[in-house]
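J.: coords please:
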Amino acid sequence: MIETFANISKEGSITIIHLDHPPANTLSSASIKKLRLIFQELAEDIETSAIIITGTGRFFVAGADIKEFVSAFGQQDKALQMAKAGQALCDEVEAMKKPVIAAINGPALGGGLELALGCHFRIASNQAILGLPELKLGLLPTFGGTQRLSRITNQATALQLILTSKQLSAEEALQLGIIQQVTKPDELLSTAKAVAQSFVEGKSMTSISRTIECVIQSTKDSLQNGLELERTRFAELFFTNDAKEGVQAFIEKRQPHFKHF
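T.: Purely as a prediction, here's the structure:
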């Protein structure tokens, strides 16, 4: 049987990735490779302005494929390769210059939560649970969980959640700022689509892409370097047709017609 790992659908300029790796959408080495290719292709797809990633079935992603870990015992290179592949996927998601929204339909545990943390915005069903249970396996989060969770919340909260292996309800995750919105299960995808649309409708991708880059970089660099990047990207926009159109439309009191260059 050929495994697809994910199904792709489009609604206008919004591309939806439906994770489909039964029974729990675990992240195997093969599925990670497939997802990386999907995101690399979408990064170059001029018809895609925003991306939603969600799970098929009961799970968002139950975590990494634990069965693959067995072959890595006593082999440091293999363990490092696994960690690098998972980190590379989450890094590529975060580095997308198009809004990426996680629509968390069910359990997002371990690598599943780490994948969601790499997204720019997270919406969860009120039936979802989130957590990083790796310490119960004698391991630790290694797809970026120790780094992104502490940046999204704070050091003490990240340590508490990781060391206790606590599973959070969607409402608890909302209170901690791990997710930004909670919906009923049957409203999850429509809500994610509406959010994605609000991010890109009436705006130019030339400014959206630079904005995402500046905000993401702000967590990784000094304030002064971040300000330098911000003013550089701002100045670049003065060489784009969309900036000319946007300013002229404002002066003329009409809606701009952006062409995204």
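J.: only C-alpha atoms for contact and neighbour calcs from this point on.
T.: Fine.
J.: what comes up buried for stretch 196-205?
T.: Neighbour counts using 16 or more other C-alpha atoms under 10 Å place Ala196, Gln197, Val200, Lys203, Ser204, Met205 of stretch 196-205 among the buried residues.
J.: what's the span of that stretch, first residue to last?
T.: This stretch, stretch 196-205, spans 13 Å end to end (C-alpha to C-alpha, to the nearest Å).
J.: Distance from stretch 4-19 to the middle of the chain?
T.: 14 Å (C-alpha atoms, centre = their mean, to the nearest Å).
J.: Check which residues of that stretch are buried.
T.: In stretch 4-19, counting by 16+ other C-alpha under 10 Å, buried: Phe5, Ala6, Ser13, Ile14, Thr15, Ile16, Ile17, His18, Leu19.
J.: is the closest residue to the fifth one other than its chain neighbours in a bridge, and if so with what?
T.: Put plainly, it is Thr15. For Thr15, ignoring the flanking residues on the chain, the nearest one in space by C-alpha to C-alpha, 6 or more residues apart in numbering is Ile51 at 4.9 Å. For Ile51, the beta-bridge partners under DSSP bridges are Thr15, Val100.
J.: wait, isn't Ile51 in contact with His18?
T.: No - using C-alpha atoms under 8 Å, Ile51 is not in contact with His18, being 10.8 Å away.
J.: Average pLDDT for the host helix or strand of Gly226, rounded please.
T.: Using DSSP states H and E, Gly226 falls within helix 223-236. Taken as a whole, helix 223-236 carries a mean pLDDT of 96.
J.: List of residues touching the next helix-or-strand element following it?
T.: Remark: after helix 223-236, the chain's next helix or strand is helix 241-251, criterion DSSP H and E. Helix 241-251 has contacts (C-alpha atoms under 8 Å, 6 or more residues apart in numbering) with Ser204, Thr206, Leu237, Phe238, Gln255, Pro256, His257, Phe258, Lys259, His260, Phe261.
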